[in-house]
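Trainee: okay, here's the prediction I keep looking at, along with the sequence it came from:
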Amino acid sequence: FTATGNYDVTLQATNGVGSNSLTKTAYIHVISPYCAPSASSLSSDIAIAKVTVGSIDNNSTVGVDVYSDYSGKYSACMSRGGKYPFTVSRKTNVNAANINIWVDFNGDGDFDDQGELAAQQGGSNSLSFSDSLRVPTSAQLGQSRIRVGIAYNNQSNTPCGPNYFGEFEDYGVFVTDDNT
């Protein structure tokens with residue numbers, strides 16, 4: 001697929017008796033690739049050591065890479081209207097840091113839309129940030145992405161950058177219907 005959008009799929013079967021086809025409308029949803037966040041500098045103090053949310057529980061090496069995409073390795077199922085506790089941890093807290101969590105709730109391949117900055121903690125010397133992600137009832141069903149970002153004190157912490165100090169990690173999320 002070369003363009004973002006919805007694609008129809010048609011299956012056609014033919015044998016000695018005849019042929020038949022079945023078309024699924026807008027069956028494949030293609031999105032643009034997610035941006036890779038940028039930061040000018042790395043610091044083992046302004047870094048993500050551990051992320052837990054839903055079934056995701058990932059310890060990572062701090063201050064090595066500006067961006068790590070764990071979306072193929074770690075993902076969580078979340079229901080529309082659900083509330084999911086999370087914790088983002090640091091290894092050290094010499095400097096204050098701010099933490100943001102974005103979720104691509106509408107599945108359009110970015111974190112720019114209203115409500116996609118799902119949680120944030122201003123400049124803090126805390127070793128962890130805990131709260132809950134709330135999935136809107138209007139969230140797009142299917143596969144999407146969570147991005148966790150950390151930056152120095154109250155400096156820029158944007159999902160794509162440019163950022164001065166920082167580290168970013170992506171995780172998968174599969175949004176399902178509310179089953180209650």
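Mentor: Perfect, I can see it now.

Trainee: element containing the residue most central in space within the chain?
Mentor: The residue lying closest to the centre of the chain (C-alpha atoms, centre = their mean) is Ile146, at 1.4 Å. Assigned by DSSP states H and E, Ile146 belongs to strand 142-152.

Trainee: tell me the strands beside that strand, with direction?
Mentor: The strands beside strand 142-152 in its sheet (DSSP bridges) come out as strand 97-103 (antiparallel), strand 167-176 (antiparallel).

Trainee: now the strands for the chain?
Mentor: For the chain, strands defined by DSSP state E occupy the ranges 5-15, 18-30, 39-41, 50-53, 56-59, 67-69, 75-79, 83-89, 97-103, 117-124, 128-134, 142-152, 163-165, 167-176.

Trainee: from the chain's centroid, how far away is the longest one?
Mentor: Shown here is strand 18-30, whose average C-alpha point lies 29 Å from the average C-alpha point of the whole chain (C-alpha atoms, centre = their mean, to the nearest Å).

Trainee: likewise stretch 56-74?
Mentor: Here stretch 56-74 is found 12 Å from its chain centre; the criterion is C-alpha atoms, centre = their mean.

Trainee: nearest to Phe111, out of the strands of the chain?
Mentor: Closest of the strands of the chain to Phe111 is strand 97-103, at 3.7 Å (criterion: C-beta to C-beta). To be clear about C-beta, it is placed using only N, CA and C from the backbone, and glycine gets the same treatment.
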